[in-house]
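Q: would you be able to build a 3D model of this:
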Amino acid sequence: MKTVMIAAGGTGGHINPALAFASILQQEHPECRIVFVGSKDRMEAQLIPQKGYPFVGLEVYGTNGGLKQKLHSLRSLQKAEKQCLALLQKEKPTACIGFGSYISVPLIRAAHKLGIVTMIHEQNSYAGKANRFLARYADAIVGSYAENRQDFPAAKLRIFGNPEATAAVQEKQADLHAVYGFSREKPLLFFVMGSLGSSTVSAVLDEACGRLLPRAQILIAAGRSNDYTFRSQGEGLRIEEYVNGKAALKQADLCVSRAGATTLAEITALGAASILVPSPYVPNNHQYYNARRLADEQAAVLIEEKDLSAERLTETIETLLDHPEDLKRMRLNAAALGKPDAAYQMIDWMEELADARNAG
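A: Numbering: from 1, shown residues only. Next up is the predicted model:
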């Protein structure tokens, strides 16, 4: 494969799986040139070039809002598709892959028109609008959950999982006990509410810390945009803006987390025990459905944010710590849902489709 083009953007939930896939693809095919397409004024415009990949920024707008905004979005998508047609004719990629969000639409539609192999990836158990729309233009659709079978045509769909799972099991991890000075004699809890954090949930975590510290150690990833100031103090408590999440999930006895697609891919790939508090502020309430899937398999405990309190969280954590056999069972059930070969399976399918297209 000489060139593969990837569309990703909007949020880390779309960007991180795309970067994970690109990293594995480069390992497997060092000769392959990987070119990213995204919005020129969103987070991907900074994150992707920082990883060393060529990046083409498009001026594309989402469809949320009234009629005027929807017309504005449609015009921007039409213009971006023309740009993608010219870009594809120049780059001549083997395949184009979209990782959801409206930024995938112009690239996948343009590639479909030119007869280039197209693949889309759905990270959530409830498919997003962009991927539902693009299903008709995709040669291949990769799902992360069995529930995706309700959203996409069976003939095009394979449930491989999230490339973040592949990256998670490959990553070399620092010893967080040594990094943060934790003892190995007490359980380690990891609290994280997404990369940006949550001020409302942080207040609950803060209160719970005071009750839990005597018997456990706590590592908190507060988030980069969290305006809450933690008041808890004490030996065995570390509060950081950012923590290596994969290392923390692997090494903590129990984590309390949001239920984004990337996080759950890591939790299952690493076999981590977790209490999930899905964000109610995401489209289609997809974090709830992601978390429900794990809870139904007894691979996690689900607490909706509306039901979350310091008392309930503390009681749930203490009950689990008092019953290590339940924690072990949760880890085993989570690992059984993990799909650490996701990226490799995507690459194999992409090559299979490209070979068939060339043979035809």
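Q: mark out where each domain of the protein begins and ends.
A: As assigned by automatic domain parsing, the chain contains the domains 3-160+341-359, 170-337.
Q: just put those domains in JSON lines and tack on mean neighbour count and mean pLDDT.
A: Placement of C-beta: from N, CA and C, glycine included. Shown next, in JSON lines, are these (neighbours: other CB atoms under 10 Å; pLDDT from 0 to 100):
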{"stretch": "domain 3-160+341-359", "mean neighbour count": "19", "mean pLDDT": "93"}
{"stretch": "domain 170-337", "mean neighbour count": "19", "mean pLDDT": "92"}
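Q: all helices for the stretch 101-250 of the chain, in order.
A: Using DSSP state H, counting those that start in this stretch, the helices of the stretch 101-250 of the chain run over residues 104-113, 129-134, 163-170, 176-180, 199-212, 245-251.
Q: and Phe133, how far is that from Glu351?
A: 26 Å (CB to CB, to the nearest Å).
Q: oops, could you answer that again for Arg238 instead?
A: Look at Arg238 and Glu351: by CB to CB, they are 44 Å apart.
Q: kindly report the same for Lys92.
A: Separation of Lys92 from Glu351 (CB to CB): 17 Å.
Q: need the CA coordinates for stretch 38-50. PDB is fine.
A: The C-alpha trace of stretch 38-50 is given here as PDB (Å, rounded to 0.1, in the frame of the first residue of the first chain):
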ATOM      1  CA  GLY A  38     -10.000  17.000   9.100                       C
ATOM      2  CA  SER A  39     -11.500  20.400  10.000                       C
ATOM      3  CA  LYS A  40      -9.000  23.200   9.800                       C
ATOM      4  CA  ASP A  41     -10.100  24.900  13.000                       C
ATOM      5  CA  ARG A  42     -10.800  22.000  15.400                       C
ATOM      6  CA  MET A  43      -8.600  19.900  17.700                       C
ATOM      7  CA  GLU A  44      -7.400  17.600  15.000                       C
ATOM      8  CA  ALA A  45      -5.700  20.500  13.200                       C
ATOM      9  CA  GLN A  46      -3.200  20.600  16.200                       C
ATOM     10  CA  LEU A  47      -3.200  17.000  17.400                       C
ATOM     11  CA  ILE A  48      -2.600  15.100  14.100                       C
ATOM     12  CA  PRO A  49       0.300  17.200  12.800                       C
ATOM     13  CA  GLN A  50       1.900  16.900  16.300                       C
END
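Q: contacts for it next, please.
A: Stretch 38-50 is contacted by residues 7-12, 15, 19, 36, 55-60, 103 when judged by CB atoms under 8 Å, 6 or more residues apart in numbering.
Q: which strands or helices does the helix or strand Gly57 falls within pack on?
A: Assigned by DSSP states H and E, Gly57 belongs to strand 55-58. With contacts defined as 3 or more CB pairs under 8 Å, 6 or more residues apart in numbering; DSSP states H and E, strand 55-58 has these neighbours: strand 33-39, helix 44-50, helix 67-91.
Q: out of the ones you listed, nearest to Arg329?
A: Nearest to Arg329, of all these, is helix 44-50, at 36.9 Å by CB to CB.
Q: the residue nearest the centre of the chain and Arg231, how far apart?
A: With distances taken as CA atoms, centre = their mean, the chain has Thr262 as the residue nearest its mean C-alpha position (2.2 Å). Relative to Arg231, Thr262 is positioned 30 Å away (CB to CB).
Q: out of the helices of the stretch 101-250 of the chain, which comes closest to Leu77?
A: Per CB to CB, nearest to Leu77 of those: helix 104-113, 5.7 Å.
Q: now the closest one and helix 67-91, what's the angle there?
A: Relative orientation of helix 104-113 versus helix 67-91 (axes from the mean of the first three to the mean of the last three CA atoms, to 10 degrees): 50 degrees.
Q: which strands and helices sit next to helix 104-113?
A: strand 3-7, helix 67-91, strand 95-98, strand 117-121, helix 129-134.
Q: now these in a markdown table, with distance to Gln173?
A: Shown next, in a markdown table, are the helices and strands packed on helix 104-113 (distance: least, CB to CB, whole Å):
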| stretch | distance to Gln173 |
| --- | --- |
| strand 3-7 | 26 |
| helix 67-91 | 36 |
| strand 95-98 | 28 |
| strand 117-121 | 25 |
| helix 129-134 | 32 |
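Q: nearest to Ile317, of these?
A: strand 117-121 (33.9 Å).
Q: nearest to Pro30, out of the helices of the stretch 101-250 of the chain?
A: Between Pro30 and these, the shortest separation by CB to CB is 15.9 Å, and it involves helix 163-170.
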